[in-house]
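Visitor: Provided below are the primary sequence and the corresponding predicted coordinates.
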Amino acid sequence: MIAYPAIDLRQRRVVQLIGGRTDRERVSLPDPLAVARRFVAHGFAALHVVDLDGALQQGSNADDVRAILDAVDVPVQVGGGIRSRAALAAWIEAGASRAMVGTRAIDDHEWLRAASAAFPHRIMVAADVRDGAVMTHGWTRSSGLAVTDFIESIADLPLAGLLITDVGREGSLSGIDTDLFTRLVATTTLPIVAAGGIGAMQDLRDLDSAGLAGAVVGTALYTGAIDPDAAAEEFNHD
């Protein structure tokens, strides 16, 4: 399993939100590029970069994302506000190892089918989940779709994988919902990357044992709850 440090960008700063709420920032740091370089120096095998302003349609941090792509020598998966074929192409051409698509992928299945055919194994579908339902528009709206039903509906597409974020636990350090992720792994052969609630190395080990392909770690790394050197060393391969 790979541990991905989360670099979430808002107003050109690196932030960590509690419960996916923009009015509750637990972490706020300047200089996203310096943060990315620091994680690479710790030995992480890949990075997870999201433009929160883009996801919420409240602006763009594209210049900072591009600066990270240009500066680091590890794979970087990029997301936040990617809702068109042109945007997918632009980020892949800019050097993103994977482009993450959320709202458009959930709202428009035919678009996702065509996009995944055009960019096979380069698209990761990001499904934010609260109380078992998939959320859209940067965690602000419920699609009314059960996450298990959504996963089954895209199981045959040539995707790079799924990012499942347990939004209610995001930034809380309260521990993972092991039952949720174990159940989701059993529903598909697509690789699943987990996020939300990770607060200790044992959470990562539990996800690894459950068969997850990766885990996005945010607040736990920024607050010292998880030692970055230890996480980078133990969780550094598929």
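Guide: That came through fine.

Visitor: beta partners for the residue nearest the centre of the chain?
Guide: The centroid of the chain falls nearest to residue 163 when counting by Cα atoms, centre = their mean (5.5 Å). Listed beta-bridge partners, residue 163: residue 126, residue 193 (assigned using DSSP bridges).

Visitor: so that it lines up with my notes, have the first residue be 9 from now on.
Guide: Okay, using 9 as the starting number, the last item reads as residue 171.

Visitor: let me see the contact set for it.
Guide: Residues near residue 171 by Cβ atoms under 8 Å, 6 or more residues apart in numbering: 87, 108, 132, 133, 134, 135, 200, 201, 203, 224. From N, CA and C alone the C-beta is placed, and that goes for glycine too.

Visitor: from these, list just the buried residues.
Guide: The neighbour count (16 or more other Cβ atoms under 10 Å) marks 87, 108, 132, 133, 134, 135, 200, 201, 203, 224 as buried among the contacts of residue 171.

Visitor: give the buried residues for stretch 228-244.
Guide: Of all the residues in stretch 228-244, those buried under the rule 16+ other Cβ under 10 Å are 228, 229, 230, 234, 236, 239, 240, 243.

Visitor: can you give me the strands for the chain?
Guide: Assigned by DSSP state E, the strands in the chain fall at 10-18, 21-26, 29-37, 55-59, 84-87, 106-109, 131-138, 141-144, 149-154, 169-174, 200-203, 222-225.

Visitor: the fourth one pairs with which strands?
Guide: Here strand 55-59 is paired, per DSSP bridges, with strand 10-18 (parallel), strand 84-87 (parallel).

Visitor: tilt between it and strand 21-26?
Guide: 90 degrees (axes from the mean of the first three to the mean of the last three Cα atoms, to 10 degrees).

Visitor: can you show me the helices along the chain?
Guide: For the chain, the helices defined by DSSP state H occupy 40-50, 60-63, 70-79, 93-101, 111-115, 117-126, 155-161, 186-193, 209-218, 227-231, 236-242.

Visitor: tabulate those helices (CSV), appending distance to residue 15 and mean pLDDT.
Guide: Listed next are the helices of the chain as CSV, based on distance: least, Cβ to Cβ, whole Å; pLDDT from 0 to 100:
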stretch, distance to residue 15, mean pLDDT
helix 40-50, 6, 98
helix 60-63, 10, 91
helix 70-79, 7, 98
helix 93-101, 15, 97
helix 111-115, 20, 90
helix 117-126, 24, 97
helix 155-161, 25, 94
helix 186-193, 22, 94
helix 209-218, 18, 98
helix 227-231, 10, 95
helix 236-242, 13, 98
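
Visitor: now render these as a markdown table, adding distance to residue 141.
Guide: Below are these laid out as a markdown table (distance: least, Cβ to Cβ, whole Å):
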| stretch | distance to residue 141 |
| --- | --- |
| helix 40-50 | 31 |
| helix 60-63 | 18 |
| helix 70-79 | 29 |
| helix 93-101 | 26 |
| helix 111-115 | 11 |
| helix 117-126 | 17 |
| helix 155-161 | 7 |
| helix 186-193 | 12 |
| helix 209-218 | 21 |
| helix 227-231 | 23 |
| helix 236-242 | 30 |
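
Visitor: quick check: which of these is nearest to residue 29?
Guide: helix 60-63 (11.4 Å; Cβ to Cβ).
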